[in-house]
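# have a look at this prediction, sequence included:
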Protein chains: 2
Amino acid sequence: MSLSTSDASRSVGVVTRKAFFVSDSTGITAETLGSALLANFPGVVFRRHTVPFVDTVAGARNVIRDIEAAQAGGAGAIVFATVKSPEILREFESSGAVVIDLLGGHLRELEAALGSTASEQLGQFHGVGDIERYFARMRAVEYAIEHDDGQSMRALDIADVIIVAPSRCGKTPTTMYLALQYGLLVANYPLTDDDFPSDGLPAPVSRFVDKCFGLTTTPLRLSQVRHERRPSSTYASLAQCTLELRRAEDLYRRNRVPFLNSSTKSVEEMSAVIMQSMRLRS
Amino acid sequence: MSLSTSDASRSVGVVTRKAFFVSDSTGITAETLGSALLANFPGVVFRRHTVPFVDTVAGARNVIRDIEAAQAGGAGAIVFATVKSPEILREFESSGAVVIDLLGGHLRELEAALGSTASEQLGQFHGVGDIERYFARMRAVEYAIEHDDGQSMRALDIADVIIVAPSRCGKTPTTMYLALQYGLLVANYPLTDDDFPSDGLPAPVSRFVDKCFGLTTTPLRLSQVRHERRPSSTYASLAQCTLELRRAEDLYRRNRVPFLNSSTKSVEEMSAVIMQSMRLRS
């Protein structure tokens, strides 16, 4: 007789729970905060399911059917909710699942602190100002695409920051994140072997040294990432990676370009460090 | 005698409060959830300040000096904290500001639900698996840049979704968001006047109709966005925008391409709708 999956996991002592991220909007906040909370329980395996746009009682009941199905299969489900309507929240609470209300309690704390009542209007995010934010992000993403990997020098003078680094250190994803999330104008420029005989930054960006931010990583990690792109090439060899990173770091130091090691950092973390270092965050 | 800014704002009944988003990590969760909470108090003007990487008591004390300066200038500050260390949190609580602890209470709820204690280790996010997520996002961003605006057809067959729409309906930012946030392979393809005599989708994407998702918007909004790029052009005229959008929507309907109206939606919301519609979210 073969074991079912859940029997098999129980037999090696792994606990599996189902986590639902439920939201009356995109679900991004529920997912992000919920995942951060779950990361504190490394002994439990969570099967995650995000359900956005649950903004009616009928919609909630649909989700509850899935929750009940999950609970029938074993351990209780956990629901992380960013749902403003008390009525919808009550539906979830009556489902028997553990409901972590990520909004309600904090809203009451804020009401007390501000001495005023939270507005009942939903969807406050779509008011005036949205189109400005939208323009800013759209412009920033287009700027980032145009100025990716040194492809264009057209408008470096208006860049908020220019990320410089050897190939595969994380320039492009970090650039896009800063553009999309914060509407910043971010260019990036590759450092290649050609740039290293010189003591200065590559000519196109050397005028803008104050806008430059460098990335480095560990030779092992760089080699691993480059093997993804070109397996068994000189480009991906540990020797080449070691050399390029040492030269890049020398270049940053000589030119007082702030830099960070991307090897243990997520794109979000790199972006936060860059904004802090370049004083781009209010 | 001229009024100072705060006197002036008090005189018209506007309340200004300072909000600090404080985190031992990037601050993104504190900022996102904190802003969602503040949006419920439209009568209050909040001056926002994000402080990431506050992971020592000394670091907390630096921030508290800023908080105290803000409080000296008028109304009390509000601190939204995603800080795991109880010691650091206590520092903030002793500052006299209102502290909204976005993690601690929920961690205790989870401990009760799971019957286990939250791990004390910080930085759970940098474990194994990170490099896989990093590869996926990097690949996705590069794929999105390569396949932006119909520039390349090289690998449309491996796309998770192909966004089609007339120029300026929001294809590019939505594409990048899906790539960066979820590691999805997203191409986008413009619908131009040339495509409309035909009843089908443009030839390069017609083979992949099942992967297509359309965007539309309102003529007024499209005209506004196009005027940003080319003021007073035919391209930006209300007549041209009305025509293109009507034809695009007809094309979507005839080919059973799901679509959404982007005019009142943020990039995050569009992404969530697309993932839900195309069943790309677990």
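Yep, that arrived.

# when you work out contacts or count neighbours from here on, use the C-alpha atoms and nothing else.
Fine.

# I'd say A:His147 and A:Ala187 touch.
Yes. Contact criterion C-alpha atoms under 8 Å: A:His147 and A:Ala187 qualify, at 4.9 Å.

# the two: who's more crowded?
A:Ala187 (34 against 23; other C-alpha atoms under 10 Å in any protein chain shown).

# pull out the buried positions in the helix or strand hosting A:Ala136.
Counting by DSSP states H and E, the element that carries A:Ala136 is helix A:130-146. For helix A:130-146, burial by neighbour count (16 or more other C-alpha atoms under 10 Å in any protein chain shown) applies to A:131, A:134, A:136-146.

# please apply the same query to stretch A:74-82.
Going by neighbour count (16+ other C-alpha under 10 Å), the buried part of stretch A:74-82 is A:Gly76, A:Ala77, A:Ile78, A:Val79, A:Phe80, A:Ala81, A:Thr82.

# Serialize those to JSON lines and add fields for pLDDT.
Converted to JSON lines, the buried residues of stretch A:74-82 look like this (pLDDT from 0 to 100):
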{"residue": "A:Gly76", "pLDDT": "85"}
{"residue": "A:Ala77", "pLDDT": "93"}
{"residue": "A:Ile78", "pLDDT": "96"}
{"residue": "A:Val79", "pLDDT": "97"}
{"residue": "A:Phe80", "pLDDT": "97"}
{"residue": "A:Ala81", "pLDDT": "96"}
{"residue": "A:Thr82", "pLDDT": "94"}
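
# closest to A:Val257 among these?
A:Thr82 (41.5 Å; C-alpha to C-alpha).

# OK, contacts around that closest one?
Applying C-alpha atoms under 8 Å, 6 or more residues apart in numbering or on different chains to A:Thr82 gives the contacts A:Val22, A:Ser23, A:Asp24, A:Ser25, A:Gly27, A:Thr29, A:Ala30, A:Asp101, A:Leu102, A:Leu103.

# tell me the domain ranges of chain A?
Per automatic domain parsing, the domain ranges recorded for chain A read A:14-125, A:130-277.

# so which of these comes closest to B:Asn62?
domain A:130-277 (14.5 Å).

# re the thing from before, for the contacts of A:Thr82, which one is nearest B:Lys265?
Among the contacts of A:Thr82, A:Ser25 lies closest to B:Lys265 (C-alpha to C-alpha), at 10.7 Å.

# name the element that closest one belongs to?
Counting by DSSP H and E, A:Ser25 is part of no helix or strand.

# can you pull out the low-pLDDT segments for chain A?
Within chain A, the segments meeting pLDDT under 70 span A:1-13, A:120-130, A:282.

# which ones are touching the residue lying closest to A:Gly27 once chain neighbours are set aside?
Of all residues not flanking A:Gly27 in the chain, A:Pro52 sits nearest, at 4.9 Å (C-alpha to C-alpha, 6 or more residues apart in numbering or on different chains). By C-alpha under 8 Å, 6+ apart, the contact set of A:Pro52 is A:Phe21, A:Val22, A:Ser23, A:Asp24, A:Ser25, A:Thr26, A:Gly27, B:Ala272.

# so how far is A:Lys84 from the second one?
When you say that, I think you mean A:Val22. Distance, A:Val22 to A:Lys84, by C-alpha to C-alpha, to the nearest Å: 11 Å.

# same check, this time on the third one
When C-alpha to C-alpha is applied, the distance between A:Ser23 and A:Lys84 equals 9 Å.

# could you do the fourth one as well?
Between A:Asp24 and A:Lys84 the computed distance is 7 Å (C-alpha to C-alpha).

# swap in the first one?
Applying C-alpha to C-alpha, the value for A:Phe21 to A:Lys84 is 14 Å.

# next: A:Ala97.
With the distance defined as C-alpha to C-alpha, A:Ala97 ends up 18 Å from A:Lys84.

# might you report the residue contacts of A:Thr175?
If you count contacts by C-alpha under 8 Å, 6+ apart, A:Thr175 has them with A:Ala144, A:Ile163, A:Val186, A:Ala187, A:Asn188.

# what parts of the stretch 51-200 of chain A come near chain B?
Contact residues (C-alpha under 8 Å from any C-alpha of the partner chain) of the stretch 51-200 of chain A with chain B: A:52, A:98, A:100, A:102-103, A:106-107, A:109-110, A:113, A:116-121, A:124-126, A:130, A:134-135, A:137-138, A:141-142, A:145, A:170, A:172-173, A:176-177, A:180.

# just the buried subset of these, please.
Among these, those classed as buried by neighbour count (16+ other C-alpha under 10 Å) are A:52, A:98, A:100, A:102-103, A:106-107, A:110, A:113, A:118, A:134, A:137-138, A:141-142, A:145, A:170, A:172-173, A:176-177, A:180.

# which stretches in chain A count as helices?
A:5-11, A:28-38, A:57-72, A:86-93, A:104-114, A:130-146, A:171-182, A:203-206, A:219-229, A:238-254, A:267-277 (DSSP state H).

# check which residues of the last one are buried.
Neighbour counts over helix A:267-277 (16+ other C-alpha under 10 Å) mark A:Val267, A:Glu268, A:Glu269, A:Met270, A:Ser271, A:Ala272, A:Val273, A:Ile274, A:Met275, A:Gln276 as buried.

# can you check the shortest one too?
Counting neighbours by 16+ other C-alpha under 10 Å, one finds that the buried residues in helix A:203-206 are A:Val205.

# list of residues touching it?
A:Met153, A:Leu156, A:Ile162, A:Tyr189, A:Gly200, A:Cys212.

# just those now: which is nearest chain B?
A:Tyr189 (15.3 Å; C-alpha to the nearest C-alpha).

# farthest-apart pair in the contacts of A:Thr175, please.
Pairwise across the contacts of A:Thr175, and taking C-alpha to C-alpha, the largest span is found between A:Ala144 and A:Ile163, at 10.9 Å.

# okay, and the common contacts of the two?
In contact with both A:Ala144 and A:Ile163: A:Thr175, A:Val186, A:Ala187, A:Asn188, using C-alpha under 8 Å, 6+ apart.

# look up how far chain B lies from the residue nearest to A:Leu89 when sequence neighbours are not counted.
Among residues not flanking A:Leu89 along the chain, A:Val83 sits closest, at 6.5 Å (C-alpha to C-alpha, 6+ apart). Going from A:Val83 to chain B by C-alpha to the nearest C-alpha, to the nearest Å gives 11 Å.

# quick one: contacts for A:Val83?
Counting by C-alpha under 8 Å, 6+ apart, A:Val83 touches A:Val22, A:Ser23, A:Asp24, A:Ser25, A:Val54, A:Asp55, A:Leu89, A:Asp101, A:Leu103.

# now do A:Asp101
So A:Asp101 contacts A:Phe80, A:Ala81, A:Thr82, A:Val83 (C-alpha under 8 Å, 6+ apart).

# what's across from it in the sheet?
A:Ala81 (DSSP bridges).

# filter the buried residues of helix A:267-277 down to the ones near chain B?
A:Val267, A:Glu268, A:Glu269, A:Ala272, A:Val273.

# wait, what's in contact with the closest residue to the second one other than its chain neighbours?
By the measure of C-alpha to C-alpha, 6+ apart, the closest residue to A:Glu268 outside its immediate chain neighbours is B:Thr26, 6.6 Å from it. Shown in contact with B:Thr26 (C-alpha under 8 Å, 6+ apart): A:Glu268, A:Glu269, A:Ala272, A:Val273, B:Pro52, B:Phe53.

# how does it look with 7 Å?
Neighbouring residues of B:Thr26 by C-alpha atoms under 7 Å, 6 or more residues apart in numbering or on different chains: A:Glu268, A:Glu269, A:Ala272, B:Pro52, B:Phe53.

# next: A:Phe196.
With C-alpha under 7 Å, 6+ apart, A:Phe196 has these contacts: A:Arg247.

# swap in 10 Å and give it another go.
Contacts here follow C-alpha atoms under 10 Å, 6 or more residues apart in numbering or on different chains; on that basis A:Phe196 touches A:Pro202, A:Glu244, A:Arg247, A:Ala248, A:Asp250, A:Leu251.
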